[in-house]
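Asks: I'll drop the sequence and a predicted model, then ask my questions.
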Amino acid sequence: AYLDVRSDKSDTNWLLLDYETDKSDTLKLTKTGTGGLSELRDVLDDSKASYAYARVSYSNDKESTREKFILVVWIGPNCKVMRKAKISVHAADVKNVLRVYSIEVAAREKDDLNEDPIVVRLRKAGGASYDGV
């Protein structure tokens with residue numbers, strides 16, 4: 001699934017990893033999609049902690065489109081305290097597997113995954129900015 005998200009030949013542009021159970025520390029692939037950040041935002045569960053990897057496309061100008069990758073660390077507003085406490089340790093392991101990304105997005109509310117502010121951050125991280133950002 002990771003390679004699908006990274007591939008130009010695949011329409012898949014995000015994947016979601018969830019814990020197998022509330023008590024488990026094992027992550028599993030639970031969903032993939034082709035509808036970008038808005039679709040990803042819709043499938044996040046307010047009671048869970050999850051990790052997502054997404055391809056974000058944006059235009060710098062009329063001539064060019066860029067694609068960058070983001071890692072999302074989701075901690076839903078109703079996530080259990082013990083799960084929240086373990087996130088930083090597990091996030092390091094996730095980053096060892098989902099290595100190639102431009103920015104990390106710490107999301108606590110679904111609005112944290114609105115595309116516009118993320119694109120602004122990607123432009124700044126990408127170095128080449130043609131719009132004075």
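Replies: Yep, that arrived.

Asks: F69 pairs with what?
Replies: Judged by DSSP bridges, the bridge partners of F69 are R55.

Asks: can you get me a residue count around it?
Replies: Each residue near F69 was counted by other CB atoms under 10 Å, and the total is 20. Backbone N, C-alpha and C define where each C-beta goes, glycine included.

Asks: for D18, give me its contacts.
Replies: L27, K28, T30, D45, K48, S50 (CB atoms under 8 Å, 6 or more residues apart in numbering).

Asks: again with N114
Replies: So N114 contacts L37 (CB under 8 Å, 6+ apart).

Asks: now it: how far from A107?
Replies: N114 is 10 Å from A107, where distance means CB to CB, to the nearest Å.

Asks: joint contacts of the two?
Replies: Counting by CB under 8 Å, 6+ apart, nothing touches both N114 and A107.

Asks: what about the helices in the protein?
Replies: 2-6, 36-43, 81-97, 115-126 (DSSP state H).

Asks: out of the ones you listed, nearest to L17?
Replies: Closest approach to L17 among the helices of the chain (CB to CB): helix 81-97, 7.0 Å.

Asks: need the contact partners of the closest one.
Replies: Taking CB under 8 Å, 6+ apart as the rule, helix 81-97 contacts 2, 17, 19, 22, 25, 27, 48-49, 51, 71, 73, 75, 104.
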